[in-house]
Structures are given as structure tokens and as C-alpha cells.
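Engineer: Pasting the sequence and the predicted coordinates here, then a few questions.
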Amino acid sequence: MYRQVELDKEDKDYHRLLWKDPNSEAIETYRMTRVTYGTASSSFHSIRPLRVLAEETTNTKLRLSLTTDMYVDNLLTGCEDSEAAEKLQDAIITLLVSAGFDIRKWVSSDSKLVLRLAATFRETEDEKSIESEDYAIKTLGIRWNPNPDQFGFTVELDKGAPFTKRQILSEVSRLFDPLGWLSPTTIQHKSFVQLLWMDKLSWDQPLSDPILQQYLRLRAQLKDLEKISLQRKVLKPATKSVFQLHVFCDASTTAYAAVVFIRQETDNVIETKMLTAKTRVAPIKSVCVPRLELCAALLGAKLVEAVTNAISDERFPTPKVFA
């Protein structure tokens, strides 16, 4: 993506480099003519063209996809039905090609949208894999099975490594859970890491037997996380539905947390699903529970604000918030 964006003529002088051929004593000066990954402004220079394209298009769905559903060079978007998705896919490809961007590695919960493309534009060229129930990819670090349209988790644990603070912190940090779906598990591991700091262990010092046994009990449960699957779709398409966001907060002397649920009522049928959650370990310095509950309330307020901002465009109905 970066190399597809040309630098302005005046900016090229700030991207000079010196080159010396091994067989020559002469030092030559070159200038980069395209955006280089690693400079401070690279991210802006690469994303700005997409923003300009979005601003210039009259297609509302296309504009919203490019402005709100792009994460650097990854696009995560969707439609209510296959026909609308096909039109959006064609519009995205056409617009981006006009600016020199070939969007590739297409994946969809509807395999027809992928198979209609040339093999080089798919995430995999194997057609059998695309239609398989076991086919899975990583979407911004989270495992996604397109055909059942479910999110899942992969847990990687080291075998034979000594249990030290360094090793445990390494394993805990691999529990990538940006939306907090695994909060009941991850908060226990965060609290345990805090316990290691309170015990004032060095990075490579072996754990005492009571602490080691406590971690082994927590660690034994991690593989069970791979059995969890969550439906990607949380809202059913309906013209007459009542949407609500419900925020719950709580605290203890160990931790505090907040969670947001979405509630949809359509034709007297009510469905409730968890959207996101946040957890925080309580400070090492003793704090009273009422103060921690205020911290939980603040965490919940920030969390629901982030959710409402994420669904604030015209593609989503405006929900009532109960907090």
C-alpha cells in the first residue's frame, strides 16, 4: 500500500539516502519517490488518498466503507444481503483501482462473493478451502471462520519453558482480546501478573510452589478458550426493531469492569448479545470499594461512548442507552 503512493516533488528531498557500491569509492545520492514504511508521516500519507477518494465519491455506502471500515490497509465491511454486497464489492474495486490500489485477499461469509473474483485476488486460491466449514483466517488478530461466520480463539502455550515472571508475562500477553470477550479469563491472568510484581520476583527467578500451583490451575483452563465461538452478526436486519444498549459496571477489591450488551426486539422476539467489555486490575495501593465502583462507572461511560461513536453513521439504527 505504501509504495503505491507517490511523494510530492518538494517532499522527495527529505527522503534522500546515500549509496556506495562495493566496487566503487564514489558515494551516490538517491531520493525516494514513493512513501516509505517507517517514517513518521508514512501512515498519514498512505491513508490520506483513501480519504480523498471517499470524499469525492457520491456513493454513500462506498464512502462509509472507506472512511469507517478501513484499518490502514485492511477493509472490514458488509451488507445485509449478497446482492448489495456484490455491488459494494464492485464499487470498492473500481474506485481503488482508479487510484492504483489493487485490493486483494478477499474473504466473505458468502463464498460466491470470493469465487467470482480472479484467484489472485482471493485470500486463498484453493476453492475447496473457501467453501469449507474449517476454513479460517485472522482478522486483525482474531480468528474468523467465514462459512459459519463465527469468531474463535487460538491459544499458544510454550512447552518445557521454565515458569518465571518473564515467561508468564509472555504467555498472558498472547491472549489477544481487543473487544473483551474473554474478560472473565483475562482479568484473572492480569491479577496474577500483579501478584508477581507484588511478590518482587526478578524476571527469571523461579516461582515459589504455592504461586506456581496457582498459575498452573489458571493455565490449564486456557485451552478451553479454543472451544468458544461467537457469531459475528449481532443484529438481525429488520425495519421495525427496537435497539437498546445496556451497560453494567461492577468492582471488587481485586478488579473492576464494565460490559455493554445490545438488545434487539423484533415482533415480540427479544435477543441479547454481548458487544464488548473492559477490565482493570485494582491498584496495588488499597482503595475502598465505593471508589473502585466509581472507577468502574467511568470505565463503563467511556466504553459505551466508544460503542455509540462506532455505530453513529446512517447504516445503524440509533439505540437507546441504559447505563
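Structural biologist: Sure, I can see it. Residues are numbered from 1 along each chain as shown.
Engineer: hey, let's count contacts and neighbours off CA atoms from now on
Structural biologist: Fine.
Engineer: Spell out for me which residue occupies the centre of this structure.
Structural biologist: Nearest residue to the geometric centre of the chain (C-alpha atoms, centre = their mean): Leu140, 4.5 Å.
Engineer: Helices of the stretch 151-300 of the chain, start to end?
Structural biologist: In the stretch 151-300 of the chain, the helices defined using DSSP state H, counting those that start in this stretch lie at 165-173, 183-198, 209-220, 289-310.
Engineer: Make a markdown table from the ones you listed and add mean neighbour count and mean pLDDT to it.
Structural biologist: Listed next are these as a markdown table, based on neighbours: other C-alpha atoms under 10 Å; pLDDT from 0 to 100:
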| stretch | mean neighbour count | mean pLDDT |
| --- | --- | --- |
| helix 165-173 | 16 | 91 |
| helix 183-198 | 17 | 93 |
| helix 209-220 | 12 | 93 |
| helix 289-310 | 17 | 96 |
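Engineer: could the ones you listed go into CSV alongside distance to Asp90?
Structural biologist: Output for those, formatted as CSV (distance: least, C-alpha to C-alpha, whole Å):
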stretch, distance to Asp90
helix 165-173, 39
helix 183-198, 38
helix 209-220, 46
helix 289-310, 25
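Engineer: how about those helices, which one is nearest Arg63?
Structural biologist: Judged by C-alpha to C-alpha, the one of those that comes nearest to Arg63 is helix 289-310, at 15.3 Å.
Engineer: Specify the beta-bridge partners of Gly152.
Structural biologist: With DSSP bridges as the criterion, Gly152 is bridged to Arg143, Ser229.
Engineer: Could you check how many residues crowd around it?
Structural biologist: 18 (other C-alpha atoms under 10 Å).
Engineer: for it, what are its contacts?
Structural biologist: Ile142, Arg143, Trp144, Asn145, Glu226, Lys227, Ile228, Ser229, Leu230 (C-alpha atoms under 8 Å, 6 or more residues apart in numbering).
Engineer: do the same with Arg174
Structural biologist: Arg174 makes contact with Val155, Glu156, according to C-alpha under 8 Å, 6+ apart.
Engineer: From Asp158, how far off is it?
Structural biologist: For Arg174, the distance to Asp158 equals 11 Å [C-alpha to C-alpha, to the nearest Å].
Engineer: mind listing the helices for the stretch 1-150 of the chain?
Structural biologist: Residue ranges of the helices in the stretch 1-150 of the chain, as given by DSSP H, counting those that start in this stretch, are 42-56, 60-68, 82-98, 111-115, 127-130.
Engineer: Would you mind saying which of these lies nearest Lys200?
Structural biologist: Ranking the helices of the stretch 1-150 of the chain by distance to Lys200, with C-alpha to C-alpha as the measure, places helix 42-56 first at 39.9 Å.
Engineer: Point out the other helices and strands that that closest one packs with.
Structural biologist: Helices and strands touching helix 42-56, by 3 or more C-alpha pairs under 8 Å, 6 or more residues apart in numbering; DSSP states H and E, are helix 60-68.
Engineer: Tabulate the CA atom coordinates of the helix it packs on in PDB.
Structural biologist: The C-alpha trace of helix 60-68 is given here as PDB (Å, rounded to 0.1, in the frame of the first residue of the first chain):
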ATOM      1  CA  THR A  60     -22.900   6.800   0.300                       C
ATOM      2  CA  LYS A  61     -22.200   3.100   1.200                       C
ATOM      3  CA  LEU A  62     -18.900   3.200  -0.500                       C
ATOM      4  CA  ARG A  63     -17.900   6.400   1.300                       C
ATOM      5  CA  LEU A  64     -18.800   5.000   4.700                       C
ATOM      6  CA  SER A  65     -16.900   1.700   4.000                       C
ATOM      7  CA  LEU A  66     -13.700   3.600   3.100                       C
ATOM      8  CA  THR A  67     -13.900   6.100   6.000                       C
ATOM      9  CA  THR A  68     -15.200   3.900   8.800                       C
END
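Engineer: Residues in contact with that helix: which ones?
Structural biologist: Helix 60-68 has contacts (C-alpha under 8 Å, 6+ apart) with Leu50, Arg51, Ala54, Glu55, Thr57, Leu75, Thr77, Leu88, Ala91, Ile92, Asp313.
Engineer: For the helices of the stretch 1-150 of the chain, could you give me a markdown table that also reports mean pLDDT and distance to Thr308?
Structural biologist: As requested, the helices of the stretch 1-150 of the chain are exported to a markdown table (pLDDT from 0 to 100; distance: least, C-alpha to C-alpha, whole Å):
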| stretch | mean pLDDT | distance to Thr308 |
| --- | --- | --- |
| helix 42-56 | 89 | 22 |
| helix 60-68 | 92 | 13 |
| helix 82-98 | 94 | 24 |
| helix 111-115 | 93 | 30 |
| helix 127-130 | 87 | 34 |
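Engineer: Compare these and give me the one nearest Leu222.
Structural biologist: Of all these, it is helix 127-130 that lies closest to Leu222, at 27.9 Å by C-alpha to C-alpha.
Engineer: wait, doesn't Glu293 sit right on Ala258?
Structural biologist: No - between Glu293 and Ala258 there is no contact under C-alpha atoms under 8 Å: 10.1 Å.
Engineer: which residues do these two both contact?
Structural biologist: The contact sets of Glu293 and Ala258 overlap at Cys249, Asp250 (C-alpha under 8 Å, 6+ apart).
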